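Novice: I need the structure of the sequence given here:
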Amino acid sequence: MRYAPTLDPAVTRSSNLAGPAAVPAPAPAALPSLGRRPLPGWIGSLGLTLGQGALALGLLLFLALPLAAILAKSVTDGEGAWVGLSVITGIIGADGFLSMVGRSLAVGVVTTLLVVPCAYGFAYGLTRTRLPGKGLLRTIALLPLLAPSLLPGIALVYLLGNQGLLKGLTGGATIYGFWGIVVGEAFYTFPHALMILLTGLALADGRLYDAARAMGAGPWRTFLTVTLPGTRYAVFSACCVVFTLTVTDFGVPKVVGGDYNVLAMEAYKAVVGQQNFPKGAAIGILLLLPALLTFVLDRRLRARQGAQMSGRAQPYAAGAHGRRDAAFLALAAVLAAFLLLIIGVAVWASFVKMWPYNLSMSLRSYDFDNMDGGGWLAWRNSLQLAFCTALVGTVVVFVGAWMMEKVPARGAVARSLRGMAGMLALMPMAVPGLVLGLGYIFFFNSLANPLNVLYGTMPLLILCTVVHFYTSAHLTASTALNALDPEFEAASASLKVPRLTTFLRVTLPMCLPAALDVARYLFVSAMTTVSAVVFLYSPSTVLAAVAVLNMDDAGFIGPAAAMCTVIMASSAAAALILHLASRALVARSQAWRRPVAA
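Specialist: From the prediction side, this is the model:
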């Protein structure tokens with residue numbers, strides 16, 4: 001008789017005593033289940049349907065309907081009467097509007113042509129050469145992510161303004177205008193392009209480079225035939241991001257734009273200065289068009305992109321090449337020096353007692369409570385916003401991504417909800433912050449909307465910020481979840497372990513680094529965002545980045561630089577704490593990742 005293993009100690013004991021020829025004792029009538037008692041199937045299906053329905057409803061309320069409110073506002077007059085496309089056609093036909101569109105496009109194109117090649121060279125140096133100090137250079141390159149978009153404009157005023165430190169080097173030219181906006185936007189968008197290009201250049205199959213060398217191809221020909229084609233989708237994505245961020249940002253044009261008016265600045269003035277909401281809505285619709293176009297093109301190209309790394313791919317290892325490494329080190333050093341110059345001047349200016357007459361060091365600019373703008377209350381509000389955004393956003397993003405990636409949808413209703421939630425989750429990437437903020441004004445400030453009690457409150461600022469940065473966080477979570485082997489869920493199902501238990505005890509601990517990365521991204525983004533919340537705050541919920549804008553309007557440029565410094569320091573401290581927490585938690589919950597000593 002074939003031996004049948006059992007976990008019953010009585011059976012095992014009797015078998016051992018009787019010897020190999022003994023007849024095994026009969027098995028008990030019912031063995032205890034190895035897993036927990038499973039819940040009825042309809043409860044799990046109902047929970048999944050309710051969860052996906054709640055996610056779809058939230059994105060519908062706080063994303064789709066505000067955008068629909070912009071569209072409705074752009075086809076009505078100030079009294080709410082239907083006027084069709086006359087508002088938009090009137091704005092387009094106004095004197096100087098087409099030239100303003102041309103100026104916006106010119107700034108976007110020139111900034112893209114300047115930033116993307118520099119970011120590509122920097123990323124190439126970090127991934128494909130043997131540069132010394134790669135960690136330090138990467139850290140410096142990502143520092144602009146910790147600052148609001150107004151910081152480069154303020155630093156340029158101190159450097160090249162009418163009384164700037166380097167004014168004599170410009171030959172009488174002014175920084176206010178086209179080139180001031182381009183330089184400021186280049187600082188602001190550089191790390192965004194760099195992160196995309198680093199990801200694209202990190203995926204390299206060493207066998208292709210070995211084949212190119214075997215066929216006698218030189219370094220330049222190898223770059224043109226292997227490296228550049230392999231990163232073309234990353235280059236296009238970086239161009240889309242830089243162009244969209246530049247065209248839709250009003251922080252830098254607000255400070256150094258001067259008379260060079262652009263679309264984003266015109267929308268801001270229409271709402272804040274002129275109280276012309278139909279005009280603001282119409283310009284918002286126009287600003288949405290280039291973002292939507294680049295988003296659609298990017299998604300189509302990504303859909304055509306095949307896998308760049310096969311299972312037999314070999315890692316690429318850069319060989320020693322003195323002249324190449326020296327050239328890329330010089331390029332990286334120049335770019336890092338430019339970024340440090342902008343940040344350093346802003347920090348230094350925040351401690352100057354009275355520019356440009358008294359350059360002694362003082363904390364006078366940090367006395368926020370005795371000047372207009374928002375005071376230390378704005379900083380405390382930003383910390384509250386960032387903390388709540390990181391906490392709420394991380395939970396919503398990861399649970400939503402888990403429901404869409406790891407839980408099968410059974411039934412037409414569940415599949416429909418999953419499709420709607422997936423589509424809405426990708427929409428924020430194509431919606432500029434300024435447009436989203438305008439939509440929140442028109443939707444949540446309406447007396448006919450029962451949710452208008454949220455307008456001007458901290459919960460609405462938190463929801464707006466989570467929605468604004470939802471797509472990037474969602475893609476990060478989805479990538480981490482898809483990297484897990486589906487066998488984890490299969491094993492749990494065979495043991496009749498509830499899906500939620502598997503998520504809490506297996507999936508989330510294994511995805512903990514990605515979850516903390518999402519929290520860090522949401523925290524820093526909430527501290528530095530301006531465009532999406534500039535229309536939504538009240539005197540009691542004013543934010544630090546908005547306070548920078550108000551201080552600059554009031555002529556307090558020193559305190560504005562000081563508030564930028566406080567924002568950067570707070571963001572850096574939070575990022576460092578989350579990084580250390582990530583290392584500690586990963587070391588505790590993922591000890592199996594550590595190599596075992598021989």
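
Novice: low-scoring stretches of the stretch 51-200 of the chain, by residue?
Specialist: Residues of the stretch 51-200 of the chain that meet the criterion pLDDT under 70 lie in 77-80.

Novice: I'd like the mean pLDDT over stretch 449-459, please.
Specialist: Here stretch 449-459 scores 90 as its mean pLDDT.

Novice: quick one: terminal-to-terminal distance for that stretch?
Specialist: 16 Å (CA to CA, to the nearest Å).

Novice: can you list contacts of it?
Specialist: Stretch 449-459 is contacted by residues 61, 381, 384-385, 388, 440, 443-446, 460, 463, 536-538, 541 when judged by CB atoms under 8 Å, 6 or more residues apart in numbering. In short, each C-beta sits where N, CA and C put it, glycine included.

Novice: Tell me which two of those sit farthest apart.
Specialist: Using CB to CB, the pair of those lying farthest apart is 384 and 446, separated by 26.4 Å.

Novice: how about the helices of the stretch 51-200 of the chain, start to end?
Specialist: In the stretch 51-200 of the chain, the helices defined using DSSP state H, counting those that start in this stretch lie at 65-74, 86-93, 97-128, 134-141, 150-160, 178-202.

Novice: Which one of these lies nearest to residue 503?
Specialist: Nearest of the helices of the stretch 51-200 of the chain (CB to CB): helix 178-202, 26.8 Å.

Novice: check which helix or strand covers residue 551.
Specialist: Using DSSP states H and E, residue 551 sits within helix 544-553.

Novice: Run through the neighbouring helices and strands of the following helix or strand past that helix.
Specialist: Going down the chain from helix 544-553, the next helix or strand is helix 557-589, by DSSP H and E. Where contact means 3 or more CB pairs under 8 Å, 6 or more residues apart in numbering; DSSP states H and E, helix 557-589 is packed against helix 150-160, helix 322-349, helix 375-405, helix 512-528, helix 544-553.

Novice: could you redo these as a markdown table and give each row mean neighbour count?
Specialist: Listed next are the helices and strands packed on helix 557-589 as a markdown table, based on neighbours: other CB atoms under 10 Å:
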| stretch | mean neighbour count |
| --- | --- |
| helix 150-160 | 27 |
| helix 322-349 | 17 |
| helix 375-405 | 21 |
| helix 512-528 | 23 |
| helix 544-553 | 25 |
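
Novice: of all those helices, which lies closest to residue 497?
Specialist: Among the helices and strands packed on helix 557-589, helix 375-405 sits nearest to residue 497 (CB to CB), with 15.2 Å.

Novice: what comes up buried for whatever helix or strand comes next after that closest one?
Specialist: Downstream of helix 375-405, the first helix or strand assigned by DSSP H and E is helix 412-426. For helix 412-426, a neighbour-count test (16 or more other CB atoms under 10 Å) marks 414, 417-418, 420-422, 424-425 as buried.

Novice: Now do helix 412-426: which elements does it pack against?
Specialist: Against helix 412-426 (3+ CB pairs under 8 Å, 6+ apart) you get helix 41-59, helix 375-405, helix 470-482.

Novice: ok, 6 Å please
Specialist: helix 41-59 (3 or more CB pairs under 6 Å, 6 or more residues apart in numbering; DSSP states H and E).

Novice: before we move on, back to that, ok and the helix holding residue 551 relative to helix 557-589, angle-wise?
Specialist: 170 degrees (axes from the mean of the first three to the mean of the last three CA atoms, to 10 degrees).

Novice: gap between helix 544-553 and the chain center?
Specialist: Distance of helix 544-553 from the chain centroid (CA atoms, centre = their mean, to the nearest Å) equals 22 Å.

Novice: Looking at pLDDT only, which of the contacts of stretch 449-459 scores worst?
Specialist: Among these, pLDDT bottoms out at residue 446, giving 84.

Novice: any idea how far residue 534 is from it?
Specialist: 19 Å (CB to CB, to the nearest Å).

Novice: These two: who's more crowded?
Specialist: residue 534 (22 against 14; other CB atoms under 10 Å).

Novice: Quick check: the more buried one is in a strand.
Specialist: No: counting by DSSP: H, G, I helix; E, B strand; the rest coil, residue 534 is not found in a strand; it is coil.

Novice: Next, count neighbours for the residue lying closest to residue 358 once chain neighbours are set aside.
Specialist: Excluding its sequence neighbours, the residue lying closest to residue 358 (CB to CB, 6 or more residues apart in numbering) is residue 352, at 7.6 Å. Neighbour count of residue 352, defined by other CB under 10 Å: 20.

Novice: which residues pair with residue 352 across the strands?
Specialist: Listed by DSSP bridges, the beta-bridge partners for residue 352 are residue 361.

Novice: Could you check how far it is from residue 557?
Specialist: Taking CB to CB, one finds residue 352 at 10 Å from residue 557.

Novice: What of residue 241?
Specialist: Counting by CB to CB, the gap from residue 241 to residue 557 is 29 Å.

Novice: Same question for residue 567.
Specialist: According to CB to CB, residue 567 and residue 557 sit 15 Å apart.

Novice: quick one, which of those two is more surrounded?
Specialist: More crowded of residue 567 and residue 557, by other CB under 10 Å: residue 567, with 27 against 21.

Novice: contacting residues around the more buried one?
Specialist: 527, 544 (CB atoms under 6 Å, 6 or more residues apart in numbering).

Novice: Show the pLDDT at it.
Specialist: Value listed for residue 567 in the pLDDT field: 95.

Novice: Please apply the same query to the one 4 residues further on.
Specialist: Confidence per residue is given as pLDDT, and for residue 571 that number is 94.

Novice: circling back: for residue 247, find the nearest of the helices of the stretch 51-200 of the chain.
Specialist: helix 97-128 (4.4 Å).
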